[in-house]
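Make a model of this:
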Amino acid sequence: MATDTVIETVEADTVLGKYKITGASLNNLATFVTLMGVVLLCWVFYGHADDAKKSGKEVAIELRDTNKEIAKVLKEQNKEITDTLREMARATREQNCLLSLPQDQRQRNAETCRRISQ
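Model prediction:
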């Protein structure tokens, strides 16, 4: 048969003095220490959750600001590309106009083709 060992008395010599805890006092002490440990863990988890929320909001704000900047840059680039493509289309129309004329009339009608292509 197994024998259960029950601690009924705990004695401790400390700098502050000698302490002796017996029976129910030992049970109360263990319960109190466990309760304090649980409260401490809950406090740490709550604090961590609060910090995580705050940092999540900060990350979201930074991403939003960065996305606004990226959208602004892309919009400017698209405007430049659009302007370049329009200019290329105008130049192509002018060139097609000049190529459609006979060789001897191209020099005289260059300004006319330029105005037509716009």
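
what separates the one helix or strand residue 59 maps to from the chain centre, distance-wise?
Per DSSP states H and E: residue 59 is located in helix 23-100. Mean-position distance between helix 23-100 and its chain equals 3 Å (Cα atoms, centre = their mean, to the nearest Å).

by contact count, what packs against that helix?
When contacts are defined as 3 or more Cβ pairs under 8 Å, 6 or more residues apart in numbering; DSSP states H and E, helix 23-100 sits against strand 9-14, helix 110-117. (Each C-beta comes from the backbone N, C-alpha and C, glycine too.)

export these to TSV and tack on mean neighbour count?
Formatted as TSV, the helices and strands packed on helix 23-100 follow (neighbours: other Cβ atoms under 10 Å):
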stretch	mean neighbour count
strand 9-14	10
helix 110-117	13
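
Tell me which of those lies nearest to residue 48.
Nearest of these to residue 48, taken as Cβ to Cβ: strand 9-14 at 33.8 Å.

Tell me which strands the closest one pairs with, and in which orientation.
Partner strands and pairing direction for strand 9-14 (DSSP bridges) are strand 17-22 (antiparallel).

mind listing what residue 93 touches?
Applying Cβ atoms under 8 Å, 6 or more residues apart in numbering, we find residue 93 in contact with 116, 117.

And it, how close does it get to residue 81?
19 Å (Cβ to Cβ, to the nearest Å).

what angle sits between the helix holding residue 59 and strand 17-22?
Orientation check (axes from the mean of the first three to the mean of the last three Cα atoms, to 10 degrees): helix 23-100 against strand 17-22 gives 100 degrees.

as a whole number, average confidence for helix 23-100?
Per-residue pLDDT over helix 23-100 has a mean of 89.

got the angle between it and helix 110-117?
Helix 23-100 and helix 110-117 are oriented at 140 degrees to each other (the same axes, to 10 degrees).
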